[in-house]
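Visitor: Need coordinates for the following:
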Amino acid sequence: MTSIDFSPLFRSMIGFDRLSSALENAYRSDPGGYPPYNVEVSGENDYRITMAVAGFAAGELNLEVKENFLTVSGARAEDDKDRRFLYRGIANRGFERKFQLADYVRVVDARLEHGLLHIELRREIPEAMKPRVIPIQAASAAPPAPALSAASAA
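Guide: Residues are numbered from 1 along each chain as shown. Take a look at the predicted model:
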């Protein structure tokens, strides 16, 4: 396994240490897995995560956002003790999947439809962070005269 050294970037870039840890975590994480999911871009600042959670009720699923991480987990009760299977291809196990969210991305909705969990996300950039145009004032032909005080006028 190769390691990526980001130290040359940190000489001139301040505050990007979270980026390096995010890249390292993505490199180490297991692609795919259970349950399968899609990540869609549904607008300029809107995203949707769709997870296939067939067999899970809404009460058996949990969504939590903490420190820019969205954690989706599911736990099912064991009710198969009296059943005998010849073949068992439907997973009945719990899961936990984590997604790292960028700054200003928040979960706006979550709904369960036909065995699919849809999680709606939106990037909401604060007004102070949005680009703005600064008007440039033209200098007048004559510089403004300094204000005279009453004592110097006498």
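Visitor: residues in contact with Tyr34?
Guide: The contact partners of Tyr34, by C-beta atoms under 8 Å, 6 or more residues apart in numbering, come to Ala91, Arg93, Phe95. Just so you know, the C-beta spots here come from the backbone N, C-alpha and C atoms, and that holds for glycine as well.
Visitor: Any idea which residue is closest to the centre of this protein?
Guide: Nearest to the centroid of the C-alpha atoms of the chain, with distances taken as C-alpha atoms, centre = their mean, sits Leu101, at 1.9 Å.
Visitor: From what I see, that residue and Leu70 are in contact.
Guide: Yes - counting by C-beta atoms under 8 Å, Leu70 is a contact partner of Leu101 at 5.6 Å.
Visitor: who touches both of these two?
Guide: Joint contacts of Leu101 and Leu70 (C-beta under 8 Å, 6+ apart) are Leu121.
Visitor: coming back round to it: nearest spatial neighbour of the residue nearest to the centre of the chain, chain-adjacent residues omitted?
Guide: Leaving aside its sequence neighbours, Leu101 sits nearest to Asn68 (C-beta to C-beta, 6 or more residues apart in numbering; 4.9 Å).
Visitor: so the one you found touches Gln100, yeah?
Guide: Yes - Asn68 lies in contact with Gln100 (C-beta under 8 Å); the separation is 6.2 Å.
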